[in-house]
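J.: Have a look; sequence and predicted model below, questions after that.
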Amino acid sequence: MTLPPSPFPPFSDPRLTEQRNPRTERIDVASSLEIVDLLNAEDRTVAGAVHGERERIARAIDAVVAAFREGGRLVYVGAGTSGRLGVLDAAECPPTFGTPPELVVGIIAGDAPALVRSSEGAEDDVNAGMAAIDGAKVTAKDVVVGIAASGTTPFVRAALSQAQTLGATTVLVSCSDPPKQLAETCDVVILPKVGPEALTGSTRMKAGTATKLVLNTISTGAMIRTGRAYGNLMVDLMAMSDKLRDRGQRIVMEVCGVDREAARRAIEAAGGSVKLAIVMAKTGEDREAARRTLDAAGGFIRKAIGDPPPVKGA
């Protein structure tokens, strides 16, 4: 009986994420403190790997900014840890930047159940990858970021291929060299090569950390570039908890030089918008006039009322 050829690489796997790390080959006999030190030493290499991709990350930010300005979206797609990180970054944009939930979308192989329970087999389903892009109604206006630590995940490759067929801009985030065809067809390829994991193949570790840094940078950079920050203040936050209401009031207090009660009243008069409250307090305009002022400035507070106050003690 002749067995079909294996879809996996030979024993010596060329993927960085699957190689053994010589620095941790005796981690199984290490003490707890030694394990902490070994893992921390590996983690210290991550920021440098991400920094090495700075120009390509910046290109991805530019692509997302262009998409937002044309009415497009940022769509993350991944499987396993990569998919969870994409969904996490998407979920955190509305409370942080006041964006509608449909502006940044996270797709994970296996759908919602895969967020809380392992569904690793879903990553092999190419038909599901294509269907997920169709189900998200991806268009040529969107940017689709495929996240695949090894660079070979079938679900992600199929999703990116389908997105390209629809004319979307495509970005690949991987910690290992992807197949040549995939690298050549994506508009931007971001490869923070963090090297072999402390535990061979466990990409929830360094690769996951690098991926989170990259995704945070892309989404945060795009939001800042589209006016959702004033200096380094998150003025478009959605005050949906006591902590965020407190933060919003403190932002108005600092920018406008008013006490907490005045800040609370300003935000209330602005319909809950910290951004609008700042413009109203600074210009003396009512809500609608302040909104027109802000709209004329393209949503950028600095363009509407000038520079924010310097950081205290700077």
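T.: Happy to help now that I have it.

J.: all contacts plus neighbour counts: C-alpha atoms, from now on.
T.: Noted.

J.: Grab the nearest non-local neighbour of the most centrally placed residue in the chain.
T.: By C-alpha atoms, centre = their mean, the mean C-alpha position of the chain lies nearest to L215, the distance being 2.8 Å. Closest residue to L215 apart from its sequence neighbours, by C-alpha to C-alpha, 6 or more residues apart in numbering: D89 at 6.8 Å.

J.: rewinding a little: buried residues, the host helix or strand of the residue nearest to the centre of the chain. List them.
T.: For L215, the host element (DSSP states H and E) is helix 206-225. With burial defined by 16 or more other C-alpha atoms under 10 Å, the residues of helix 206-225 counted as buried are 206-224.

J.: From the chain's centroid, how far away is that helix?
T.: In terms of C-alpha atoms, centre = their mean, to the nearest Å, the centre of helix 206-225 is found 4 Å from the chain centre.

J.: for the helix or strand following it, what is the average pLDDT?
T.: Sequence order places helix 242-256 as the next helix or strand after helix 206-225, per DSSP H and E. Averaged across helix 242-256, pLDDT comes to 93.

J.: Give the other helices and strands that whichever helix or strand comes after helix 242-256 contacts.
T.: Next in sequence after helix 242-256, counting helices and strands by DSSP H and E, comes helix 260-269. Where contact means 3 or more C-alpha pairs under 8 Å, 6 or more residues apart in numbering; DSSP states H and E, helix 260-269 is packed against helix 242-256, helix 274-283.

J.: D187 - how many residues pack around it?
T.: Neighbours of D187 under the rule other C-alpha atoms under 10 Å: 17.

J.: which ones are touching it?
T.: 169-171 (C-alpha atoms under 8 Å, 6 or more residues apart in numbering).

J.: For Q164, which non-adjacent residue is closest in space?
T.: Using C-alpha to C-alpha, 6+ apart and skipping residues adjacent in sequence, the residue nearest Q164 is T170, 6.7 Å away.

J.: correct me, but that neighbour touches Q162?
T.: No. Judged on C-alpha atoms under 8 Å, T170 makes no contact with Q162 at a distance of 10.1 Å.

J.: mind checking the SS state of V171?
T.: strand (DSSP: H, G, I helix; E, B strand; the rest coil).

J.: give the contact list for it.
T.: V171 sits next to 60, 143-146, 186-190 when contact means C-alpha under 8 Å, 6+ apart.

J.: one step back: residues contacting the helix holding L215, please?
T.: 17, 42-43, 46-47, 49-50, 57-58, 60-62, 64-65, 81-82, 85-86, 89, 93, 97, 147, 149, 173-175, 192, 194, 197, 229.

J.: who's the residue nearest to Q164 bridged to?
T.: Bridge pairing for T170 (DSSP bridges) gives the partners V144.

J.: what about T170 and Q162, which has more around it?
T.: T170 (23 against 19).

J.: ok, the more buried one to G201 distance?
T.: For T170, the distance to G201 (C-alpha to C-alpha, to the nearest Å) stands at 26 Å.

J.: I am assuming L166 contacts T139, so please confirm or correct that.
T.: Yes. Between L166 and T139 a contact is recorded at 5.9 Å, counting by C-alpha under 8 Å.

J.: Need the CA coordinates for stretch 71-79. CSV is fine.
T.: Output of stretch 71-79 as CSV, limited to C-alpha atoms (Å, rounded to 0.1, in the frame of the first residue of the first chain):
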residue,chain,number,x,y,z
GLY,A,71,-14.9,54.3,3.8
GLY,A,72,-13.1,51.0,4.0
ARG,A,73,-12.2,48.8,7.0
LEU,A,74,-9.4,47.0,8.7
VAL,A,75,-10.0,43.2,8.8
TYR,A,76,-7.8,40.8,10.7
VAL,A,77,-7.9,37.1,9.9
GLY,A,78,-6.1,34.3,11.7
ALA,A,79,-6.2,31.0,13.4
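
J.: can you tell me the average pLDDT over it?
T.: pLDDT averaged over stretch 71-79 gives 97.

J.: Repeat that for stretch 45-53.
T.: The model assigns stretch 45-53 a mean pLDDT of 97.

J.: And it, what's buried?
T.: Buried residues in stretch 45-53, counted by 16+ other C-alpha under 10 Å: 46-47, 49-50, 53.

J.: same thing with stretch 95-107?
T.: Going by neighbour count (16+ other C-alpha under 10 Å), the buried part of stretch 95-107 is 95-99, 103-107.
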